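[1] output the structure for:
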Amino acid sequence: MAVHGTIEELAWESAFFGLRSAIIRLQPTAPALTRADFAPWDRVQVKLAASQTQQLDALQQLGFSLVEGEIDLALQVSAEGRDPAASIASAEDIPALRQMASEIFVQSRFRTPWYASDDSGRFYAQWVENAVKGVFDHQCLVFRAENGGITGFVSLRQLNEQEARIGLLAGRGVGEKLMQAACQWARQRQLTLVRVATQLGNTAALKRYIQSGANVESTALWLYR
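    Residues are numbered from 1 along each chain as shown. Sure thing, here's the model as predicted:
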C-alpha cells in the first residue's frame, strides 16, 4: 500500500532543535510518497490514526519507526461548576514554570534517540513560557502554596467559538483543581468543550481526565523517520 500525502516544513521545530524537520499531511488524493521525498529532511514526522494499520505497515516499509501513542479526550463543560480561583501566570512566574516543565516533561515524543537528552525538557519549558506570553496557548493558570510557590499549572487555548484545548497540565495533588480551573476558563468564555491529549503510557493523566468526566475520542500513533 502506498502512502499518499504532502510534506510540510515545521519551521519552528527546525529552528528550535537544529534539525530540518517536516511533517506528512496524509491525503488520499495526493501523490504517493517515496524515500527520495524524505531525503532533504533530518526528521520527518507523521501522526496516524491508530486504526489505520495498513498505513502503519506502509510507513514502516518506508523507514518510519513508531515513537509514541496518543489519546485524545473531550470534556463537556457544564453551565455551572466549581471555581477553584486559579491565578493567571505573569512574567515573574516564567523562571519557576520553566523549571517545573523541564523537570516534569522529560519523557515525550521529543526523546532520544530522535532528539538530544535534554530536548524534551527544553521544548516544554519554552511551551509554558510562550503560554504565559499568550503565544500559541492563550493563557497559563497557576495554583500557589501559602509561601507563594507554584504547585501546579495548566495552559489553555481557545480553538473556536465552542472549544478549548489544554496544552500543558502539571502539578502534584492538584490535578482535580487544574481540571476545574480549565473548565472555569472555558465557561467564562461560553465554551462548551475542553479537549486534552496525553501519551498512551501516561496512565496517571488518563485516569485524572476520565475521573474529571472526559471521554476518549480518538487514538493516534506518532512515527518518525
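
[2] check the offset of the longest strand along the chain from the chain's centre.
    The residue-count maximum for a strand in the chain (DSSP state E) belongs to strand 65-76. The chain centroid and the centroid of strand 65-76 are separated by 9 Å under C-alpha atoms, centre = their mean, to the nearest Å.

[3] report the rounded mean pLDDT for the helix or strand following that strand.
    Counting by DSSP states H and E, the element after strand 65-76 in chain order, helix or strand, is strand 87-88. Here strand 87-88 scores 98 as its mean pLDDT.

[4] give me the buried positions along whichever strand or helix holds R195.
    Using DSSP H and E, R195 maps to strand 193-199. Applying a neighbour-count criterion of 16 or more other C-beta atoms under 10 Å, one finds 194-199 buried in strand 193-199. For every residue, glycine as well, the C-beta is placed using N, CA and C.

[5] restricting to C-alpha, output it in PDB.
    What follows is strand 193-199, C-alpha atoms only, in PDB (Å, rounded to 0.1, in the frame of the first residue of the first chain):
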ATOM      1  CA  LEU A 193     -16.000  21.600  25.300                       C
ATOM      2  CA  VAL A 194     -12.500  21.200  26.600                       C
ATOM      3  CA  ARG A 195     -10.100  18.900  24.700                       C
ATOM      4  CA  VAL A 196      -6.900  17.300  26.000                       C
ATOM      5  CA  ALA A 197      -4.400  14.800  24.800                       C
ATOM      6  CA  THR A 198      -1.900  12.600  26.600                       C
ATOM      7  CA  GLN A 199       0.600   9.900  25.900                       C
END
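
[6] mind listing what K133 touches?
    Counting by C-beta atoms under 8 Å, 6 or more residues apart in numbering, K133 touches A91.

[7] again, only this time at 10 Å
    By C-beta atoms under 10 Å, 6 or more residues apart in numbering, K133 lies in contact with 89, 91, 94, 139-140.

[8] which stretches of the protein form strands?
    Using DSSP E, the strands of the chain run over 5-9, 21-26, 43-49, 65-76, 87-88, 139-144, 150-158, 163-171, 193-199, 215-224.

[9] thought K207 was touching M179?
    No: taking contacts as C-beta atoms under 10 Å, K207 lies outside contact range of M179: 11.8 Å.

[10] give the intersection of the neighbour lists for those two.
    Joint contacts of K207 and M179 (C-beta under 10 Å, 6+ apart) do not exist.

[11] correct me if wrong: I7 contacts A36.
    No: contact between I7 and A36 fails when scored by C-beta under 10 Å: they sit 11.4 Å apart.

[12] tell me which of these two has more neighbours.
    I7 (16 against 7; other C-beta atoms under 10 Å).

[13] quick check: closest non-adjacent residue to that one.
    Excluding the flanking residues, the one nearest I7 by C-beta to C-beta, 6 or more residues apart in numbering is A22, at 5.0 Å.

[14] and the one you found, what does it touch?
    If you count contacts by C-beta under 10 Å, 6+ apart, A22 has them with 6-11, 13-14, 37-38, 40-46, 225.

[15] quick check on those residues: which are buried?
    7, 10, 13-14, 37-38, 41, 43-46, 225.

[16] output the residues you listed as CSV; include the columns pLDDT.
    As requested, these are exported to CSV (pLDDT from 0 to 100):
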residue, pLDDT
I7, 98
L10, 98
E13, 97
S14, 98
D37, 97
F38, 98
W41, 98
R43, 98
V44, 98
Q45, 98
V46, 98
R225, 98
